[in-house]
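1. Just the structure for this:
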Amino acid sequence: MSWKWEYAFGAEEAARTAPADFLAAVARKADELVRAAETRHVHGRAHEGVDPKGGNVDVAGGMFTYQVVVRSERVYVVQITWLGY
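-> Below you'll find the model as predicted:
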């Protein structure tokens, strides 16, 4: 398995109505988070212990909240907020 990101919970539903340029900005930042997590957790599947704390990321037009699950080698986007600016 290799590191990827995906929408989780209600973020997937919210993404269906968000503008394409906002979703593209979310995808770019999520890709950066995946690269960072992959670099930090080279042996993700063998990870023992607590997952790192997630966070919020500002992007053009809004923000999103993410969580890293190391053993699954995933960055989950758990909430997106489009502010319309």
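
2. what residue ranges in the chain score low on pLDDT?
-> Counting by pLDDT under 70, the chain shows low-confidence ranges at 1, 42-47, 85.

3. Quick one: the helices in it, in order.
-> 11-15, 20-40 (DSSP state H).

4. Export those helices to TSV and append columns for mean neighbour count and distance to residue 76.
-> Glycine gets a C-beta too; all of them are placed from N, C-alpha and C. Converted to TSV, the helices of the chain look like this (neighbours: other Cβ atoms under 10 Å; distance: least, Cβ to Cβ, whole Å):
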stretch	mean neighbour count	distance to residue 76
helix 11-15	15	8
helix 20-40	15	9
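
5. Which one, of those, ends up nearest to residue 63?
-> Nearest of the helices of the chain to residue 63, taken as Cβ to Cβ: helix 20-40 at 9.0 Å.

6. TSV for the helices of the chain, including distance to residue 61?
-> Formatted as TSV, the helices of the chain follow (distance: least, Cβ to Cβ, whole Å):
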stretch	distance to residue 61
helix 11-15	13
helix 20-40	4
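
7. Which one of the ones you listed lies nearest to residue 79?
-> helix 11-15 (5.4 Å).
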